[in-house]
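Peer 1: What follows is a predicted structure for the sequence shown.
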Amino acid sequence: MLTEIDIDGLIGPTHHYGGLGVGNLASLAHRDQVSNPRQAALEGLAKAKLVSELGIPQFVWLPPHRPNRELLQAVGFSGPLNEQIAAAYQAAPRILSAAFSSAFMWAANSATVTPAADARDGRYHFTPANLISSLHRASEANERKLEIANIFSIPHWHLLHDPLPGITPLRDEGAANHMRLSDPTGEIGFNIFVYGEDDTAESNTGQEESLASNNPSAVFMARQTRTASEAIARKHCLDPETTFFLRQHPTAISAGVFHNDVIATSNEGVLIHHELAFIDAEVELARLEKIFAQRVGKPLLRIVVSNDTLKLTDAVKCYLFNSQLLTPQSRPSESQQPRMVFVCPKQCQSIESAERLLKSFVADPSNPIDEIQFVAVGQSMAGGGGPACLRLRVPCDSRTLSQLPTFGRMTPQLYDDLSAVIEKYYPDQVSLASFCDDRFVEHLEEIDVQLSNVAFRSAKEA
């Protein structure tokens, strides 16, 4: 029996709207607007607390230190930190924004994870995403590798890979473009990789030109390549028979679907996707349904949402597909435990077709989604990340689960203590100009210390 754990990135005190997200309409729309890191962090923490209350082991990664001085120095800014910041603000404000980025909060981009049950060598595999599509995210790969190692301790049955080489044919966005289906125990797994660009030799026969000519508005670079997805599948020793590759629809990418998790989601034997999520995918989806039924003994529940039911533009606005589809492990005694819970952004309530669709899920007895939980993650949504963006899913067997550390594991006390630090120390207004204030930068050091103290104290007391 596998148990899902969720890891969320705690939103940092430098959360701001730099507008650096490639193909991310919300990020572009909110560029240079004033953000509220305090509100953002409290919203994300409350969402993680809700998940933990459903009985799902929930961890929180602390924010890595910002600014990223290595990035500033690598692009030619030297001298004392305040001089580097001032020079970058004048000459290269996008570089400065990247150096202060809090985009690590979207932990779905952290890595691709394979449980031992899926790997032919019987080991867990983790590959941190290289994230080279985005100026502000590529430097996260090594930070995430260290954080993964700290949680999973990397014994002999855990294999932590290096990120894929940082070259454009191997650009990788981690679990944001990966889905896993399974039987109810989690032991029989099916891995789905979703890519936006097929740069394999077989594809260079005019298909790319045809897609481009049919989609003249396709102005955004696809963030995931098939070559990268295939490389990870090989590194993780996945069985080709239960590994599937689907291509993102160019129309969806042009509409702001920069990751698959903006347009599709899955949990156990349920796959929900918009009809414009994939292109030329019916053969591969038919193979998935056939193999799933053979291995699990019952059919895959594939819910295809038509554009008439929920317009693609509305799906991007409300991030319905970027909700967390969860199997709760526990509930308060006064409530009947639902089969599955859908944790959705409140924006879904503001679009009638989205709210109607969610109600239809709950009303359908054949659909295991018995409950919808709406969460406020507006600050994250304004940057282009919904509830599912904020977490990395890791299916854990009992041996791994028993060895997980207490550091960063969500408890009522850790929630209270982190909330208190955020309330006291986090700023409530930040813009790019804020980073030129020496006092602001010095204050970031104090916040790092306070957050670390809370996490270490919580782990010790546990």
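Peer 2: Nice, I can see it.
Peer 1: would you put the C-alpha positions of stretch 56-75 in PDB?
Peer 2: These are the backbone C-alpha positions of stretch 56-75, laid out as PDB (Å, rounded to 0.1, in the frame of the first residue of the first chain):
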ATOM      1  CA  ILE A  56      -2.200  13.200   4.100                       C
ATOM      2  CA  PRO A  57       1.400  13.600   5.400                       C
ATOM      3  CA  GLN A  58       2.200  17.200   4.500                       C
ATOM      4  CA  PHE A  59       5.700  18.700   4.500                       C
ATOM      5  CA  VAL A  60       6.800  22.300   4.000                       C
ATOM      6  CA  TRP A  61      10.000  23.400   2.300                       C
ATOM      7  CA  LEU A  62      11.400  26.600   3.800                       C
ATOM      8  CA  PRO A  63      12.200  29.400   1.300                       C
ATOM      9  CA  PRO A  64      15.800  29.300   0.000                       C
ATOM     10  CA  HIS A  65      17.700  32.400   0.700                       C
ATOM     11  CA  ARG A  66      17.200  35.400  -1.600                       C
ATOM     12  CA  PRO A  67      18.700  37.300  -3.400                       C
ATOM     13  CA  ASN A  68      20.500  34.700  -5.400                       C
ATOM     14  CA  ARG A  69      24.000  36.300  -5.400                       C
ATOM     15  CA  GLU A  70      25.400  33.600  -7.700                       C
ATOM     16  CA  LEU A  71      23.000  34.600 -10.400                       C
ATOM     17  CA  LEU A  72      23.900  38.300 -10.000                       C
ATOM     18  CA  GLN A  73      27.600  37.600 -10.100                       C
ATOM     19  CA  ALA A  74      27.300  35.100 -13.100                       C
ATOM     20  CA  VAL A  75      25.800  37.900 -15.300                       C
END
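Peer 1: buried set for that stretch?
Peer 2: 56-64, 66-68, 71-72 (16 or more other CB atoms under 10 Å). For the C-beta atoms, the positions are set from N, CA and C on the backbone; glycine is no exception.
Peer 1: can you check stretch 374-393 too?
Peer 2: 374-375, 377, 379-393.
Peer 1: What of stretch 176-193?
Peer 2: Those would be 176-183, 186, 188-193, for stretch 176-193 by 16+ other CB under 10 Å.
Peer 1: three-state assignment of the nearest residue to P299 once chain neighbours are set aside?
Peer 2: In space, not counting the residues next to it along the chain, P299 is nearest to A293; the distance is 5.1 Å by CB to CB, 6 or more residues apart in numbering. Here A293 is helix, with the state taken from DSSP: H, G, I helix; E, B strand; the rest coil.
Peer 1: On the pLDDT front, check A293 for me.
Peer 2: Per-residue pLDDT puts A293 at 98.
Peer 1: I'd assumed R302 was in contact with it.
Peer 2: No: contact criterion CB atoms under 8 Å: A293 and R302 do not qualify, at 11.2 Å.
Peer 1: quick one, which of these two is more surrounded?
Peer 2: R302 (16 against 13; other CB atoms under 10 Å).
Peer 1: Got the phi and psi for the more buried one?
Peer 2: phi -110, psi 120 (degrees, to the nearest 10).
Peer 1: immediately after the worst-scoring helix or strand of the chain on mean pLDDT, which helix or strand?
Peer 2: In the chain, the helix or strand scored least confidently by mean pLDDT, DSSP states H and E is helix 207-214, which has a mean of 40. Counting by DSSP states H and E, the next helix or strand C-terminal to helix 207-214 is helix 226-235.
Peer 1: which residues of the stretch 201-350 of the chain fall in helices?
Peer 2: 207-214, 226-235, 250-254, 282-296, 312-318 (DSSP state H, counting those that start in this stretch).
Peer 1: Give me the buried stretch members for stretch 290-308, please.
Peer 2: 291-292, 296, 300-302, 305.
Peer 1: ok, now stretch 163-176?
Peer 2: 163-164, 170-176.
Peer 1: Can you name the residues in contact with it?
Peer 2: 106, 108-113, 127-133, 138, 141-142, 145, 199, 223-225, 227-229, 231-232, 259-261, 389, 392-393 (CB atoms under 8 Å, 6 or more residues apart in numbering).
Peer 1: hmm, 6 Å instead?
Peer 2: Identification of contacts with stretch 163-176 by CB atoms under 6 Å, 6 or more residues apart in numbering yields 108-112, 128-130, 132-133, 141, 199, 223-225, 227-228, 231, 259, 261, 392.
Peer 1: I'd like the mean pLDDT over that stretch, please.
Peer 2: pLDDT averaged over stretch 163-176 gives 96.
Peer 1: what's the answer for stretch 435-449, then?
Peer 2: pLDDT averaged over stretch 435-449 gives 97.
Peer 1: repeat for stretch 91-99
Peer 2: So the average pLDDT for stretch 91-99 ends up being 97.
Peer 1: Now the most centrally placed residue in the chain, what are its backbone angles?
Peer 2: Centroid check for the chain by CA atoms, centre = their mean gives A108 as the closest residue, at 1.8 Å. Main-chain torsions, A108, degrees, to the nearest 10: phi -60, psi -20.
Peer 1: repeat for V375
Peer 2: Per degrees, to the nearest 10, the backbone of V375 is at phi -120, psi 150.
Peer 1: For A116, see how far away it is.
Peer 2: 32 Å (CB to CB, to the nearest Å).
Peer 1: do F104 as well
Peer 2: 27 Å.
Peer 1: Can you pick out the residue with more neighbours from these two?
Peer 2: With neighbours defined as other CB under 10 Å, F104 and A116 compare such that F104 has more, 25 against 21.
Peer 1: contacting residues for the more buried one?
Peer 2: F104 touches 9, 140, counting by CB under 6 Å, 6+ apart.
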